[in-house]
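J.: Fold the following.
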Amino acid sequence: MRLRAADRADGSSLWNLARRSGVDENSPYAYVMWGEYFAETSIVAERDGEAIGFVTGFRVPQAPESLFVWQVAVDEGERGRGLAGSMLDELVGRLPWCRRLEATVTPSNEASASLFRAFGSRRGAPVEEELAFGSELFPGGSHEAEVRFRIGPFEGGARPA
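T.: The predicted structure is shown next:
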């Protein structure tokens, strides 16, 4: 398995992986653009040339020491092996400016909540959880609220202890 920066050529495979893994699906164009403009803050896990996981993120404009994690996807056959945590650790380890991590998670997504809590624990960093976006903000009435996870501060660009 290899962990590497995302690239615009990954767009199609990331879109397909997002669809298979059950994360909120963005347009295929969004995944191409992610690899083009947010390659530094995104990572792809691949085995035998096939994407088996990814993390997409961006530097928060109002908080330049913070990485906002947009999506984490792991192929179903790869789950339960710590791949998501390894991708987060590797990604943050490549970003010397990163001292904090943010993400939003729906209350029913305990796997993602556990992922971010464990990341904070590995870094010895506080983890704050607060309502970010109420369900009333989303059209159609079928989207859960989003809870914001704020993790940090932690040592930037360093591997966990």
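
J.: right, and Arg47 touches Gly53 too?
T.: No: checked against CB atoms under 8 Å, the pair Arg47 and Gly53 is beyond contact range at 9.3 Å. All C-beta spots, glycine's among them, are computed from the backbone N, C-alpha and C.

J.: Tell me which of these two has more neighbours.
T.: Between Arg47 and Gly53, counting by other CB atoms under 10 Å, Gly53 is the more crowded of the two (25 against 12).

J.: Give me the distance from whichever strand or helix holds that one to the chain's centre.
T.: Assigned by DSSP states H and E, Gly53 belongs to strand 50-60. Here strand 50-60 is found 6 Å from its chain centre; the criterion is CA atoms, centre = their mean, to the nearest Å.

J.: Residue numbering should commence at 20 henceforth.
T.: Renumbered: residue one is now 20, and that last one reads strand 69-79.

J.: for the protein, what are the low-confidence residue spans?
T.: Within the chain, the segments meeting pLDDT under 70 span 176-180.

J.: quick one, strands of this structure?
T.: Ranges of strands in the chain, per DSSP state E, are 21-24, 62-66, 69-79, 82-93, 119-124, 146-152, 165-170.

J.: Would you mark the buried spots in the lengthiest helix in the chain?
T.: Assignment by DSSP state H gives helix 129-142 as the longest helix of the chain. Within helix 129-142, the residues that qualify as buried by neighbour count (16 or more other CB atoms under 10 Å) are 131-132, 134-135, 137-139, 142.

J.: and if you look at stretch 148-160?
T.: Neighbour-count burial for stretch 148-160 flags Ala151 (criterion: 16+ other CB under 10 Å).

J.: For Glu59, give me its contacts.
T.: By CB atoms under 8 Å, 6 or more residues apart in numbering, the residues touching Glu59 are 24, 113-114.

J.: need the buried residues of helix 129-142 in JSON lines with distance to Ala49, can you?
T.: Output for those, formatted as JSON lines (distance: CB to CB, whole Å):
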{"residue": "Ser131", "distance to Ala49": "19"}
{"residue": "Ala132", "distance to Ala49": "24"}
{"residue": "Leu134", "distance to Ala49": "22"}
{"residue": "Phe135", "distance to Ala49": "22"}
{"residue": "Ala137", "distance to Ala49": "27"}
{"residue": "Phe138", "distance to Ala49": "24"}
{"residue": "Gly139", "distance to Ala49": "28"}
{"residue": "Arg142", "distance to Ala49": "29"}
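
J.: any idea which of those residues is the one closest to Gly99?
T.: Leu134 (11.9 Å; CB to CB).
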